[in-house]
Structures are given as C-alpha cells and as structure tokens.
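Student: Take a look and give me a structure for this.
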Amino acid sequence: MGALEDDVKFDPPCHPRACAIQDCIQKDNFKEERCQKQIDALYECCNLFYQRSGDEASTVSCPKANLLRLKMKQRAEGVK
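Tutor: Model (predicted):
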C-alpha cells in the first residue's frame, strides 16, 4: 500500500489497498476487526476514485459507489 495518489492511479485502481486488507485478514486469523485501518484506507481510495471517475465507473477493488458511501456512513456512525 502506497500513497493515496499512487494507489488511486494503480491498475486496477486501489488494488494495493484491497490486497493490504487480504494480507491483514490472513495474518490475523480472519479477524476483520483487527484490519480496520486497512479497510478505511481502501474506502478512502475508492471514494477518491469515484470522485474523479464518476459513480458509474468500476474497479474490482472497490464496492459500487452507493454501497461504498453507505459503508463509510455506517463506519462514521460506529455501525458494523
């Protein structure tokens, strides 16, 4: 996982951040709660990707734009 600007320009966009989540989950015996920093980093990258490319854009590394925004809102409110 690199700088936000580098990761959003990666092909496919945000892929290094998605891989960081997988690495973390595997390292921590599939305990997602231990990988919140990596999940937040992916969502940050995906949010920038959609801001630049539009909500109809897609990348295998990110949830659809509407789902991403819902997940980000839930995380901000502390909902899992």
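
Student: can you give me the helices for the protein?
Tutor: 4-9, 15-27, 36-53, 65-77 (DSSP state H).

Student: quick one: which of those helices is nearest Thr59?
Tutor: Thr59 lies closest to helix 36-53 among those, at 6.3 Å (CB to CB). In short, each C-beta sits where N, CA and C put it, glycine included.

Student: hmm, back to that, let's have the helices of the chain in TSV, adding mean pLDDT, mean neighbour count and distance to Thr59.
Tutor: Converted to TSV, those look like this (pLDDT from 0 to 100; neighbours: other CB atoms under 10 Å; distance: least, CB to CB, whole Å):
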stretch	mean pLDDT	mean neighbour count	distance to Thr59
helix 4-9	94	15	10
helix 15-27	94	16	8
helix 36-53	96	18	6
helix 65-77	95	13	11
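
Student: What distance do you get for Ser53 to Cys24?
Tutor: According to CB to CB, to the nearest Å, Ser53 stands 26 Å off from Cys24.

Student: Oh, that last question was meant for Cys14, not what I typed.
Tutor: On the measure of CB to CB, Cys14 and Cys24 end up 15 Å apart.

Student: swap in Asp7?
Tutor: As judged by CB to CB, Asp7 and Cys24 stand 15 Å apart.

Student: and if you look at Glu44?
Tutor: 16 Å.

Student: Quick check: phi and psi on the most far-flung residue of the chain relative to its centre?
Tutor: Farthest-out residue of the chain from its mean C-alpha position, per CA atoms, centre = their mean: Asn29, at 20.0 Å. The phi/psi pair for Asn29 (degrees, to the nearest 10) reads phi 50, psi 40.

Student: and the residue nearest to the spatial centre of the chain, what is it in contact with?
Tutor: Taking CA atoms, centre = their mean, the centroid of the chain lies closest to Leu42, which sits 2.1 Å from it. Applying CB atoms under 8 Å, 6 or more residues apart in numbering to Leu42 gives the contacts Cys14, Arg17, Ala18, Ala20, Ile21, Ser61, Cys62.
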